[in-house]
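> A predicted structure for the sequence below; I have some questions about it.
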Amino acid sequence: MLIVAGFFLASCAATKTEEGGNVDAASTSASSSSGGEITAGTQEDLIVNVGDRVFFEFDSSELTVDAQATLDAQAAWLTQYPDTNITVEGHADERGTREYNLALGDKRAFSVYSYLAQAGIDTNRMEYVSWGKERPEVIGSDETAYSQNRRGVTIVSN
Amino acid sequence: MIKKILLILFFSLNANAALEVTIAQGKVEPTPIAITKIFGADSDTARYGNTLRQIINNNLTNSGLFYTVNEDLYIQSDNLVEKVPRFEDWKLIKAQFLLSADVSKTDKGIRLRMRLYDVFNAKEIEKLQLTIPDENLIRRVGHTVSDIVYERITGETGYFDTRIVYVSEIGPLDQRVKRLAIMDQDGHLDSHQFLTDGKNLVLTPRFAPNNQTITYMEYKNNLPRVYIYNLKTGEREIVGDFPGMTFAPRFSPDSQSVVMSFSDPNNAANSEIYSMDLNTRSRLRLTNDSGIDTSPSFSPNGEKIVFNSDRGGSPQLFIMDKNGDNIKRISKGRGVYGNPVWSPRGDLIAFTKLTQGNFHIGVMDTNGNNERVIVRDFSLESPAWSPNGRYLIFHRQKRSNLDGTGGEVSIHFIDITGYNERVIPTPRDGSDPAWSPLL
């Protein structure tokens, strides 16, 4: 079992990602290896040593102070590994219409994308996409799940 | 195409004035109708007759405006297509209307003859004969007859010979596989067909008013864009070449353009409403605001668009001219509004509203007055109108749990009076229903 550290304290969400529960092709953590060394510059490295995601308030795409700290660390990491490209996914909780949440997810993804761009990451290395409320991280109809699902996730795409 | 076949072969000799049952707001007492056995001389035609009778019976009963008098009570058991009914016998069992029909084989195909009688006035009020080339059209014949009976007795346009396109769902809630699917409005399994294979996520299908195509959103190569699906050829075509996400599409009433949201990377990925002419491929930006603008829906005369925007802080409903002028907020109540859909009659707008932890589906006048809630539950979404503007379909989703259970989602039908809700059956879970115009 990997040690979950740093910004990433939400154990259920973290465990899930490490088990490869996410279907979005790029985010499947094929690199998970029980007990093995973490390869630098991989998604696993990002998750464990930096934090792959930021969380948003209800109906907001503004980056919180915590989120900005995570993204500062991500920017440093991306600078350290200049060959990595990323896709930023924006997600929403289920308490909104499908269409509004697609729009909100895109604004969230763009907030992350543009923060990283302003931190000096070349936009040629980055893409972003909204999944609206279609790909929850945590299943459940309560605020615990919703707060984990209102997120922007950075996925290493190469 | 099928419509044409039916029209050519139709002959309806009746020209009496429509006998109307007044439909006021509120609960309607269903009209009792008797439907005789639909007679067939051989095993094939008898089987067609059974199928037709079942379809007609279900359609009329499901409308909430009719109930069929129990067959066990019928005193007269004859074929009443060529024979005048003994009206006293039908009056005795309180059937207000009486439908009789038979099916036979002719050299042109399968022929249906139908008679509709007004029992209390002891007269024939509708007479119909139609021929179809083969049994593949039997279900459509049943729907067509249902429409004629419904229209004749209620004075309203029917809605039975129509289809529903929706999103079929299966799998864990965080890895949902979604496919476009289409079926008759009654959800009968024989009419059900998948349109996409589930490889790509698909959302929010809507019919073109000309019934030829569907517009929807698909994540092809993980790029969420609006597409058009051609129902005849099965071909899919992207709508426009946009450098960011396009979504929430709907056709204009003339089927010539699509309105949708575009999230422009050069505009901080903020969603604005665009209209795209499908012939010239020219695009027109209709909104320009720092808030999210989405879920546009045309008025049936094509002059106005109702949409969802959070420009005032929280998501509300607005209307504007078709060119984007004269934007005006119409939602007045408390809560978070979404999904506005203009009624095909033009008089009402259906919407969702989230307030006090529950979703509501309601209708309001086009200026936002007279808002009333039709149905309320934890999760309701995607209202769509019947082509006659009397009913709504929508989806209802159950709460989900941390262990992955729950979250079942199904398609429901309801009268806009709030009565007569029922599930429209689908082979898997179903969401995002949209209703075709009359075929």
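Cool, the structure landed. Numbers count the residues shown, from 1 in each chain, chains lettered A, B, ... in the order given.

> ok, and what's touching stretch B:303-311?
By CB atoms under 8 Å, 6 or more residues apart in numbering or on different chains, the residues outside stretch B:303-311 that reach it are A:59, A:97, A:99-100, B:259, B:273, B:286-287, B:289-299, B:315-322, B:330, B:337-342, B:349, B:366. In short, each C-beta sits where N, CA and C put it, glycine included.

> Make a PyMOL selection of the buried ones in those residues.
Listed next is the PyMOL selection for buried residues among the contacts of stretch B:303-311, using 16 or more other CB atoms under 10 Å in any protein chain shown:
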select buried, (chain A and resi 59+97+99+100) or (chain B and resi 259+273+286+287+289+291+292+293+294+295+296+297+298+299+315+316+317+318+319+320+322+330+337+338+339+340+341+342+349+366)
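
> Out of the contacts of stretch B:303-311, which sit inside helices?
Using DSSP state H, A:99, A:100 are the members of those that sit in helices.

> show me what contacts the nearest residue to residue B:156 once chain neighbours are set aside?
Once flanking residues are discounted, residue B:156 sits nearest to residue B:388: 5.6 Å by CB to CB, 6 or more residues apart in numbering or on different chains. Residue B:388 makes contacts with B:156, B:157, B:158, B:159, B:344, B:345, as judged by CB under 8 Å, 6+ apart.

> which of the residues you listed lies closest to residue B:148?
residue B:158 (7.2 Å; CB to CB).

> so what's that closest one up against?
B:146, B:147, B:148, B:150, B:151, B:388, B:438 are the contacts of residue B:158 under CB under 8 Å, 6+ apart.

> Out of the residues you listed, give me the two with the largest separation.
B:148 and B:388 (13.7 Å).

> ok, back up a step: in helices, which of the contacts of residue B:158 fall?
Per DSSP H, those map to helices at B:146, B:147, B:148, B:150, B:151.

> unless I'm mixing things up, residue B:51 is touching residue B:141, no?
No. Using CB atoms under 8 Å, residue B:51 is not in contact with residue B:141; the gap is 9.3 Å.

> In terms of neighbours, single out the busier of these two.
residue B:141 (25 against 19; other CB atoms under 10 Å in any protein chain shown).

> did I read that right, that one in a helix?
Yes. Under DSSP: H, G, I helix; E, B strand; the rest coil, residue B:141 falls within a helix.

> Just give the nearest non-adjacent residue to residue A:94, would you?
residue A:133 (4.9 Å).

> Run through the residues that contact that neighbour.
Contact partners of residue A:133, counting by CB under 8 Å, 6+ apart, are A:91, A:92, A:93, A:94, A:96, A:98, A:101, A:105, A:149.

> so what pLDDT did it get?
Note for residue A:133: predicted pLDDT of 98.

> cool, residue B:6 as well?
For residue B:6, the model assigns a pLDDT of 50.

> Could you do residue A:158 as well?
83.

> I figured it was touching residue A:87, is that so?
No. Using CB under 8 Å, residue A:158 makes no contact with residue A:87, being 9.9 Å away.

> Among the two, which residue is more densely surrounded?
Shown here are residue A:158 and residue A:87; by other CB under 10 Å, residue A:87 has more neighbours (21 against 9).

> which bits of chain A sit near chain B?
Contact residues, chain A versus chain B (CB under 8 Å from any CB of the partner chain): A:12, A:21-26, A:59, A:87, A:94-100, A:102-104, A:106-107, A:109-110, A:114, A:128-130, A:134-141, A:144-145.

> Those in helices, which ones?
A:12, A:98-100, A:102-104, A:106-107, A:109-110, A:114, A:144-145.

> what's the closest of those to residue B:86?
residue A:98 (56.1 Å).

> How much space separates that closest one from residue B:414?
20 Å (CB to CB, to the nearest Å).

> These two: who's more crowded?
Per other CB under 10 Å, whichever of residue A:98 and residue B:414 has more neighbours is residue A:98, with 26 against 19.

> which residues touch that one?
A:132, A:133, A:134, B:203, B:204, B:381, B:382, B:432.

> Got the confidence number for it?
98.

> is it fair to say residue B:426 lies in a helix?
No. Under three-state DSSP, residue B:426 sits outside any helix and is assigned coil.

> pretty sure it contacts residue B:188?
No. In this structure, residue B:426 is not within contact of residue B:188 by CB under 8 Å, at 10.8 Å.

> out of these two, which sits in the more crowded spot?
Applying other CB under 10 Å to residue B:426 and residue B:188 shows that residue B:426 carries more neighbours, namely 22 against 18.

> okay, and for chain B, where does confidence drop off?
B:1-27 (pLDDT under 70).

> Got the domain ranges for it?
B:2-154, B:165-435 (automatic domain parsing).

> Just name the most buried of those.
domain B:165-435 (a mean of 19; mean count of other CB atoms under 10 Å in any protein chain shown).

> which residues of chain A fall in strands?
A:53-55, A:86-91, A:126-132, A:151-156 (DSSP state E).

> Would you format the ones in helices among the residues of chain A next to chain B as a markdown table with distance to residue B:264 included?
Below are these laid out as a markdown table (distance: CB to CB, whole Å):
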| residue | distance to residue B:264 |
| --- | --- |
| A:12 | 36 |
| A:98 | 20 |
| A:99 | 16 |
| A:100 | 17 |
| A:102 | 14 |
| A:103 | 12 |
| A:104 | 15 |
| A:106 | 10 |
| A:107 | 11 |
| A:109 | 13 |
| A:110 | 10 |
| A:114 | 13 |
| A:144 | 34 |
| A:145 | 31 |
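
> of those, buried ones?
Going by neighbour count (16+ other CB under 10 Å), those have A:98, A:99, A:100, A:102, A:103, A:104, A:106, A:107, A:109, A:110, A:114, A:145 buried.

> between these, which is closest to residue B:101?
Among these, and counting by CB to CB, the member closest to residue B:101 is residue A:98, at 43.2 Å.

> Among the ones in helices among the residues of chain A next to chain B, name the least confidently predicted one.
residue A:12 (37).

> Show me which pair in the contacts of residue A:133 is furthest apart.
Greatest spacing in the contacts of residue A:133, by CB to CB: A:98 and A:149 (14.1 Å).

> Let's have the domains of chain B in CSV, adding distance to residue A:49.
CSV is the format used below for the domains of chain B (distance: least, CB to CB, whole Å):
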stretch, distance to residue A:49
domain B:2-154, 59
domain B:165-435, 25
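
> Which one of the ones you listed lies nearest to residue A:123?
Nearest to residue A:123, of these and by CB to CB, is domain B:165-435 at 9.4 Å.
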